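Visitor: Fold the following, please.
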Amino acid sequence: MAVAARRGEDRILTVPNGITLLRLLCIPVFVWMLLRPNRAGWYPAALLLGALGVTDGVDGYVARHFGQVSTVGKVIDPIADRLLIGVAAAATIAVGAVPVWVVAVALAREILVSAGFVAVAAAGAKRMEVQWAGKAGTFGLMAAIPLFLAGHAHDDWHALAETLAWVCAVPGLALGWYAAATYVPRARAALAEGRRRVREEGPG
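Guide: Numbering: from 1, shown residues only. Here you go, the predicted model:
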């Protein structure tokens, strides 16, 4: 059973991985919409970005409930999250649709967590699972950015959209940094476990 489970997790061609790949391929489309003249593509870009944020939960649900969890998916899903947030944040700052400090706080957290994950992996520790608080924080920011964008678009409900953006952004930032803080003891435990495993297995 353990061998079968391992083979299952080694799969690459799964529906959740396909959804994640689609999210990555939509990033250039989002940027193209955002750069159209006279803000003509801002509202469609906001809708696309919101849809991409929703699919972040869809691929995880499909993976868990249909037995399609894979090692590749565990790696590329958080990468897709951070790349999508990074590109969306940088692009919306460039066009003046989102407060700079909101993005700065969010990106600082993403850089810190990404660097921590890489450092832990390089030290030989097992890969840490993404926490619910981190996923919830990411979802909040993925909702806030398109709402900020819609709030600056030429649309009748732009004032409501900007209010909703703040409702999503503040809890999203708080949850993201809470998750970053809780990764510290987990990283220490993962490093200790990795060192213990190395000592037990011995050289070679």
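Visitor: any idea how far Thr55 is from the residue nearest the centre of the chain?
Guide: Centroid check for the chain by C-alpha atoms, centre = their mean gives Asp81 as the closest residue, at 2.3 Å. According to C-beta to C-beta, to the nearest Å, Asp81 stands 11 Å off from Thr55. The way it works is simple: take the backbone N, C-alpha and C, and place the C-beta from them, glycine included.
Visitor: circling back to that earlier point, can you tell me how far the residue nearest to the centre of the chain is from Phe139?
Guide: For Asp81, the distance to Phe139 equals 9 Å [C-beta to C-beta].
Visitor: Repeat that for Ala161.
Guide: Between Ala161 and Phe139 the computed distance is 17 Å (C-beta to C-beta).
Visitor: and Ile19, what does it touch?
Guide: Contact analysis of Ile19 by C-beta atoms under 8 Å, 6 or more residues apart in numbering lists 55, 58-59, 62.
Visitor: what about it, helix or strand, and which?
Guide: helix 15-34 (DSSP states H and E).
Visitor: Check the offset of that helix from the chain's centre.
Guide: Centroid displacement of helix 15-34 relative to its chain, using C-alpha atoms, centre = their mean, to the nearest Å, is 13 Å.
Visitor: List the buried residues for that helix?
Guide: 16-17, 19-20, 23, 26-27, 30-31, 33-34 (16 or more other C-beta atoms under 10 Å).
Visitor: And the longest helix that the chain contains, what does it pack against?
Guide: The longest helix of the chain (DSSP state H) is helix 158-201. On a contact count with 3 or more C-beta pairs under 8 Å, 6 or more residues apart in numbering; DSSP states H and E, helix 158-201 meets helix 100-122, helix 132-151.
Visitor: What angle do helix 158-201 and the last one make with each other?
Guide: Okay, so that is helix 132-151. Here helix 132-151 runs at an angle of 150 degrees relative to helix 158-201 (axes from the mean of the first three to the mean of the last three C-alpha atoms, to 10 degrees).
Visitor: what's helix 132-151 packed up against?
Guide: Packing contacts for helix 132-151, counted by 3+ C-beta pairs under 8 Å, 6+ apart, involve helix 42-65, helix 71-94, helix 100-122, helix 158-201.
Visitor: And that helix, how far out from the chain middle?
Guide: With C-alpha atoms, centre = their mean, you get 10 Å for helix 132-151.
Visitor: Report the inter-axis angle for that helix versus helix 100-122.
Guide: Going by the same axes, to 10 degrees, helix 132-151 makes 150 degrees with helix 100-122.
Visitor: going forward, begin numbering at 221 instead of 1
Guide: Done: numbering now begins at 221, and the last item shifts to helix 352-371.
Visitor: Quick one: mean pLDDT over helix 352-371.
Guide: What helix 352-371 shows for mean pLDDT is 86.
Visitor: Then the first one?
Guide: Averaging pLDDT along helix 320-342 yields 81.
Visitor: just checking, what packs against that helix?
Guide: helix 291-314, helix 352-371, helix 378-421.
Visitor: Out of these, which one sits most buried?
Guide: Among these, helix 352-371 has the highest mean neighbour count (mean count of other C-beta atoms under 10 Å), at a mean of 23.
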